[in-house]
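Enquirer: show me how the following folds:
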Amino acid sequence: KLLASALGAAVAAALLPGCSKPDDPINQASKAQPASGAASAAASGAASGAASAPGVPSLAEVKAIAEEGFIYGLPIVMNYAVMYEYAVDKNSGQFKAPFNQIHNEARVFTYEDTAIITPNSDTPYSMLWMDLRAEPMVLSVPAVDKKRYYSVMLNDGNTFNYGYIGSRATGSEAGDYMVVGPNWKGETPPGIKQVFRSTTEFSAAVYRTQLIDPKDMPNVVKIQAGYKVQPLSAFLKQPAPPAPPAIDFPKIDKDMVKTNFFDYLDFALQFAPAGPEEEAIRAKLASIGIGPGKKFAFKDLSVEHKAAILLAMKEGDTRIEKYLEGGMKNINGWKVGSLFGDRAFYNGDWLKRAAAAKGGIYGNDAAEAMYPLTKTMANGDELDGSKHKYTLTFAKDQFPPVNAFWSVTMYDGKTQLLIKNPINRYLINSPMLPSMKKNPDGSLTIYIQKDSPGKAKESNWLPAPDGPIYLAMRLYWPRTEAPSILPPGEGSWQPPALV
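Expert: Numbering: from 1, shown residues only. The predicted structure follows:
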């Protein structure tokens, strides 16, 4: 209904000579900007729609800029929402720890974890949200057995993976690593193995520690206890610098995002200095009143501008979905590609970054993990646990080729969250292989269905939802030599089709 009414309003508005609310924030923004700047930023968005005053973007231009801005801003706002639930709002139900404190999870994620879509249920997480405004943080890791995989992914407010600590990236030895904010200038102190620079003032460190089986949890807990974080001043045993100003973090939830999306983007951009590749989109957004330190109040917009913004967000979302469908290579019904990386990896491709966030925010670089994803069979038919039973069979000696381990995880196709099921099983992974039953020819079949396939086959059962299915395969530390899933979409190993 909302979209239909918005469409009607937008069509009607296109016939009007201008927007009827002179104090509308978009009109105010165009007055505040130099005319040439506003005009050039708007003109680069789209062909003109309704006539408008000199320097004031037309409705078509507003919609085009907002659509591009939604795609640019979606990962930033999604990240803020997670940070708010995990590190700010102690009553969120998902709160982990205040800034600059590690929270260890001595468990794997279940259907009750709802803050992050497509959560990993392979590795117990440790979470750290860093406030880097006052000074850098020093992350210390213990020595970890070379047979056990672990990684610390550094991911900033732009959702750039700007560094890794762990088995693949830095080895299994103990060490101290420093994380600095975008504006930090200083010397690297003795004893620091490596310095990582966040592009934003707030950043996450996501720790993944391999769990071999349920009995292994005490060993994981010991490793997690060795993960330490401290400000640089404490590491150097020096007085701490002045505390940064307190921040009034705006409350966020799914309903508020629907209309206040750009208000949240305004807030988050205060802590994210623009990179060279962001200057163009930031200028366009400024022409309609969006940017760091601004206040884009949706409720104060004219009806016409409200309609244009809502349509822009809807159409931007559709473009992201289409990218997820076609932006990666289709191999036997699985989408295989690489959507995660650092600033250089995206290089201003905001659609790819938005697709990465929507497909599963906080995913790893391809070198750290690959994520074949599917909602369909090889012929394109949608997977639906309410209508069909499926099987996934790995031929003998054709398991996903990894240096660490692999898994296949089940999600609800509508929510992309783990599903409640009678055996509390959310995935099948390689450490489970000894307890699973192989076929006479040495192959392994996984039974994907909502009801048990029977006791004899239950060891190989991956419970499915009573409706749409979303499957994610994870290959941790994929092999680089053949057979390999690398390079993404072109590797010699391919995931098998569901039947």
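Enquirer: quick one, strands of the stretch 251-400 of the chain?
Expert: Using DSSP state E, counting those that start in this stretch, the strands of the stretch 251-400 of the chain run over 329-331, 334-336, 369-370, 373-374, 390-394.
Enquirer: dump those strands to TSV, plus distance to Gly442, mean pLDDT and mean neighbour count.
Expert: Heads up, the C-betas are built off the backbone N, CA and C, glycines and all. Output for the strands of the stretch 251-400 of the chain, formatted as TSV (distance: least, Cβ to Cβ, whole Å; pLDDT from 0 to 100; neighbours: other Cβ atoms under 10 Å):
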stretch	distance to Gly442	mean pLDDT	mean neighbour count
strand 329-331	23	95	17
strand 334-336	22	95	22
strand 369-370	24	97	26
strand 373-374	24	96	23
strand 390-394	10	98	18
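Enquirer: right, and those - which one's nearest Ile102?
Expert: Proximity to Ile102 (Cβ to Cβ) singles out strand 369-370 among the strands of the stretch 251-400 of the chain, at 21.5 Å.
Enquirer: what is the closest one packed up against?
Expert: strand 469-476 (3 or more Cβ pairs under 8 Å, 6 or more residues apart in numbering; DSSP states H and E).
Enquirer: the strand it packs on versus strand 390-394: what angle between them?
Expert: 20 degrees (axes from the mean of the first three to the mean of the last three Cα atoms, to 10 degrees).
Enquirer: going forward can the numbers begin at 256, since that is how I track them
Expert: That works, and once the first residue is 256, the last one we named lands at strand 724-731.
Enquirer: residues touching strand 724-731, excluding its own?
Expert: Where contact means Cβ atoms under 8 Å, 6 or more residues apart in numbering, the residues beyond strand 724-731 that reach it are 373, 375, 377, 404, 465, 589, 615, 623-630, 638-640, 645, 655-668, 671, 703, 740, 750, 753.
Enquirer: rewinding a little: quick one, which of the strands of the stretch 506-655 of the chain is nearest to Val332?
Expert: Per Cβ to Cβ, nearest to Val332 of these: strand 628-629, 22.3 Å.
Enquirer: not counting sequence-adjacent ones, nearest residue to Gly446?
Expert: Asp431 (5.7 Å; Cβ to Cβ, 6 or more residues apart in numbering).
Enquirer: residue contacts, that neighbour?
Expert: So Asp431 contacts 393-395, 446-448, 490 (Cβ under 8 Å, 6+ apart).
Enquirer: switch the cut-off to 6 Å
Expert: By Cβ atoms under 6 Å, 6 or more residues apart in numbering, the contact list for Asp431 reads 393, 395, 446-447.
Enquirer: again, but for Leu487
Expert: 390-391, 393.
Enquirer: kindly report the same for Val337.
Expert: Ala370.
Enquirer: what do you get if the cut-off is 8 Å, keeping everything else the same?
Expert: 370-371, 616.
Enquirer: would CSV of those residues with neighbour count, pLDDT and distance to Leu556 be doable?
Expert: Shown next, in CSV, are those (neighbours: other Cβ atoms under 10 Å; pLDDT from 0 to 100; distance: Cβ to Cβ, whole Å):
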residue, neighbour count, pLDDT, distance to Leu556
Ala370, 18, 90, 30
Ile371, 21, 90, 31
Ile616, 20, 94, 28
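Enquirer: and which of these is nearest Leu606?
Expert: Distance to Leu606, by Cβ to Cβ, is smallest for Ile616 among the contacts of Val337, at 15.3 Å.
Enquirer: my read is that the closest one contacts Pro330, right?
Expert: Yes - if you go by Cβ atoms under 8 Å, Ile616 and Pro330 touch, sitting 6.9 Å apart.
Enquirer: which residues are common contacts for these two?
Expert: Shared contacts of Ile616 and Pro330 (Cβ under 8 Å, 6+ apart): Thr414.
Enquirer: which stretches in the protein count as helices?
Expert: 257-269, 280-287, 290-298, 314-338, 472-480, 487-490, 509-524, 534-542, 558-581, 598-601, 605-615 (DSSP state H).
Enquirer: off-centre distance for the longest one?
Expert: In this view, helix 314-338 has its centroid 15 Å away from the chain centroid, taken as Cα atoms, centre = their mean, to the nearest Å.
Enquirer: give me the low-pLDDT residue ranges for this protein?
Expert: 256-277, 288-310 (pLDDT under 70).
Enquirer: tally up the residues packed near the closest residue to Gly430 other than its chain neighbours, please.
Expert: Closest residue in space to Gly430, ignoring its immediate chain neighbours: Lys448 at 4.4 Å, by Cβ to Cβ, 6+ apart. For Lys448, the number of neighbouring residues by other Cβ atoms under 10 Å comes to 16.
Enquirer: how about Lys448, what does it touch?
Expert: Lys448 neighbours (Cβ under 8 Å, 6+ apart): 425, 430-432.
Enquirer: next, format those as TSV and append distance to Ala319.
Expert: Shown next, in TSV, are the contacts of Lys448 (distance: Cβ to Cβ, whole Å):
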residue	distance to Ala319
Thr425	44
Gly430	48
Asp431	48
Tyr432	43
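Enquirer: understood, closing this out.
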